[in-house]
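In: fold the following.
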Amino acid sequence: MFTLSEKIRVLNSSADVEVFDTSNAAVATTGAITNNDRLRVAGFGNFDLSKIANIKCRRAVPAVQEDKEFTVVAPAGIAAGDAVEVIISLETGRYQSEVLTTNHIGHGRTFKFQSAVLSGTTAANIRDAIVTGFTNWQSLFQIGSPLVTVSAGTAADDVQVQADLAGSISVTRVEIKRVAQGIAFQAPVSLALNVTNGVANEGLGLGKFLEESIQMSTPMNTDPYAVDTADSIVDVRGSYTEISFEYSTSYEENLGTTAADYGHTTVPGGPSTGGVAAVHSFALFCNEATMLGANNGIAKLAAIALLRSGVYSYLGATVDATPDNSEVMILADGTSVDTVAAFIA
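Out: Residues are numbered from 1 along each chain as shown. So this is what the prediction gives:
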């Protein structure tokens, strides 16, 4: 049996996820789902729950903006009337090539600006000049949303640096050096990290990334592997729970050994009478804004995951602050839970 690799589908309606019992009646509540039931996913087809061999559910993880505070110190020889150049080093794990020296993931170029003229030489004076200089830089270049935002930190001598493009850019180092007329080369002074308010995290299951990775068509495109209905269009503002599962079954195909050498044949050259084992991988991305409630699509899929965890020893459903790969229901904070109610809360 030949198959494509993992099949992926975006869903925005709970009506696209249904469970039927052995009498072909719809199962309305998650608590009534059994291993003998059948899952129907619009666009994918029907799946006997007894043949789902592996399943994992993960809630969407929101992006976190990098937010750090650095303690300002006075470079050697600094004097009132001087200024400082601020050098902020950045890196990214994704596609923002404008912060990279080359078009590949890695360390980026520095972001630089000059402070206002110093009114004094204390750390607080330098911090205030840096903040004013950044505001002036924005006004001068008419850039409303640069790569970073620089402001006053919590302490009197702290400068706060927030990375824009939420979650995609990380601030790795902040340096300052003295700037004045007629002075020799000044070595940059690295500022110590004082407070971390947020560590850059791009998030998981966010619509904007699904759009990049999954949405392959436009209204004018007839790509057969593209999104095909209104129910499966990616909401770029949305958050999606990911459910991945493997379907293990066997197939009887009327193929002779001359066409495909597999299975058991009772007559030389005749049709195969042995089943062909096959495992298919599927991934569903379910919109949390429309599918998260009790007995809705995400809850039903989580209930199936909970059921199958009771069948296979390599699947688990426990409350764990540091879960491993066996857990079938993972929350946005990375912890695992053991009930459907906790998963959709």
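
In: just for the stretch 1-150 of the chain, where's the confidence low?
Out: 1-5, 93-109, 143-145 (pLDDT under 70).

In: how about the strands in it?
Out: Using DSSP state E, counting those that start in this stretch, the strands assigned to the stretch 1-150 of the chain run over residues 7-11, 17-20, 38-41, 45-48, 52-58, 67-71, 83-92, 106-114, 148-152.

In: indicate which one of these is closest to Val179.
Out: strand 83-92 (4.5 Å; C-beta to C-beta). Quick note: C-beta positions are derived from backbone N, CA and C, even for glycine.

In: how far off centre is that closest one?
Out: 27 Å (C-alpha atoms, centre = their mean, to the nearest Å).

In: show me what it packs onto, helices and strands only.
Out: Judged by 3 or more C-beta pairs under 8 Å, 6 or more residues apart in numbering; DSSP states H and E, strand 83-92 is in contact with strand 106-114, helix 123-141, strand 148-152, strand 169-179.

In: what angle sits between the longest one and strand 169-179?
Out: Orientation note: helix 123-141 sits at an angle of 110 degrees relative to strand 169-179 (axes from the mean of the first three to the mean of the last three C-alpha atoms, to 10 degrees).

In: now helix 123-141 - C-alpha only, CSV.
Out: Taking C-alpha atoms only, helix 123-141 is exported to CSV below (Å, rounded to 0.1, in the frame of the first residue of the first chain):
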residue,chain,number,x,y,z
ALA,A,123,24.7,55.8,35.4
ALA,A,124,21.3,57.4,35.7
ASN,A,125,22.4,60.3,33.5
ILE,A,126,23.7,57.9,30.8
ARG,A,127,20.5,55.9,31.0
ASP,A,128,18.3,59.0,30.5
ALA,A,129,20.5,60.1,27.5
ILE,A,130,20.2,56.6,25.9
VAL,A,131,16.4,56.7,26.2
THR,A,132,16.2,60.2,24.8
GLY,A,133,18.6,59.3,22.0
PHE,A,134,16.4,56.4,21.0
THR,A,135,13.3,58.6,20.9
ASN,A,136,15.2,61.1,18.7
TRP,A,137,16.4,58.3,16.4
GLN,A,138,12.8,57.1,15.9
SER,A,139,11.7,60.7,15.1
LEU,A,140,14.6,61.3,12.8
PHE,A,141,14.1,58.2,10.7
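
In: test my guess that Val311 contacts Thr34.
Out: No - with contact defined as C-beta atoms under 8 Å, Val311 and Thr34 do not form a contacting pair (11.5 Å).

In: picking up where we left off before, most tightly surrounded among the helices and strands packed on strand 83-92?
Out: A comparison of the helices and strands packed on strand 83-92 by mean neighbour count, using mean count of other C-beta atoms under 10 Å, puts strand 169-179 on top with a mean of 20.
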